[in-house]
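Participant: what follows is a predicted structure for the sequence shown.
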Amino acid sequence: MTPIIPVLTAGAAVLWALSLPGSAYAASLADSAAQSLAAAVYGFGSVICHQKGERSFHLFAEQLPVCARCTGLYVGAAVIAVPYLFRGARRPWSPAVPGSAHVRWLLLLASLPVLLSIAWEWATGEVPSNTVRAITGVILGGAVARVILDALAGSVRSPRK
C-alpha cells in the first residue's frame, strides 16, 4: 500500500505546475468561471512571486501567474514528482536522511546556478533571459522536491527488518 501523504504532495506539485499555463489559458477566455479560477491562481501567485511582466513567460497573450524562475522551480518539482507518483513511496530514491551531508551538498550544488545568475545580474546590471532564469529554477526545484519527497517517503515507510 502506498502512503498517502507523499503521493498527495507529489500530486500537488504536478497540479500546481499544470495550473500555471492552465490559468493563463483560462484568463484568456471570455468565460467568467474560467477567469475566476485563473484569478485564484494569479492571486496565490502574487503571494509567492513578484510577478514582474518582463521576468515572466507569456502564453495565450497572458502573463503566467509567476515569474520565469518560479515557473522553473515548480516545473522542476513536477518533473521529479511525476515518476514518484507512479513508483509511490516504497523507497526513497536516495539513502539520504534530511539534514545529512548528502542532502546539504545536493541542495548547495542545485542552488549554485540560481546564485550565479543573481550574482551576474547584480555585478553587471544585465538581467539573464527568462529561459536562463527558468533553467536555474528547474534545477533547484527538482532538487528540493527530491529531498522533500524522499523525506516524506522515509518518514512513513516501515523500517526494514
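Facilitator: Here it is on my side, so go on.
Participant: who does the helix ranked longest in the chain touch, helix- and strand-wise?
Facilitator: Counting by DSSP state H, the longest helix found in the chain is helix 130-156. Contact here means 3 or more C-beta pairs under 8 Å, 6 or more residues apart in numbering; DSSP states H and E; on that basis helix 130-156 packs against helix 4-28, helix 68-87, helix 101-124. C-beta here means a position set from N, CA and C on the backbone, and glycine is covered the same way.
Participant: which residues touch the longest one?
Facilitator: Okay, so that is helix 4-28. 34-35, 37-39, 41-42, 45, 58-66, 71, 74-75, 77-78, 80-82, 84-85, 88-89, 145, 148-149, 152-153, 156 (C-beta atoms under 8 Å, 6 or more residues apart in numbering).
Participant: let me know the pLDDT of Ala89.
Facilitator: pLDDT, Ala89: 52.
Participant: begin at 552 from now on, thanks
Facilitator: Renumbered: residue one is now 552, and that last one reads Ala640.
Participant: for Val630, see how far away Gly604 is.
Facilitator: Computed as C-beta to C-beta, to the nearest Å, the Gly604 to Val630 distance reads 26 Å.
Participant: who's more crowded, the two?
Facilitator: Val630 (17 against 9; other C-beta atoms under 10 Å).
Participant: by mean pLDDT, which helix or strand of this structure comes out lowest?
Facilitator: For the chain, using mean pLDDT, DSSP states H and E, the weakest element among its helices and strands is helix 681-707, scoring a mean of 90.
Participant: list the buried ones in that helix?
Facilitator: Across helix 681-707, burial judged by 16 or more other C-beta atoms under 10 Å covers 681, 683-705.
Participant: cool, stretch 561-570 as well?
Facilitator: So stretch 561-570, judged by 16+ other C-beta under 10 Å, has buried residues 561-562, 564-565, 567-568, 570.
Participant: tabulate these (a markdown table), appending pLDDT and distance to Val654.
Facilitator: Shown next, in a markdown table, are the buried residues of stretch 561-570 (pLDDT from 0 to 100; distance: C-beta to C-beta, whole Å):
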| residue | pLDDT | distance to Val654 |
| --- | --- | --- |
| Ala561 | 94 | 18 |
| Gly562 | 95 | 23 |
| Ala564 | 97 | 18 |
| Val565 | 97 | 23 |
| Trp567 | 98 | 23 |
| Ala568 | 98 | 23 |
| Ser570 | 98 | 28 |
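Participant: lovely, talk soon.
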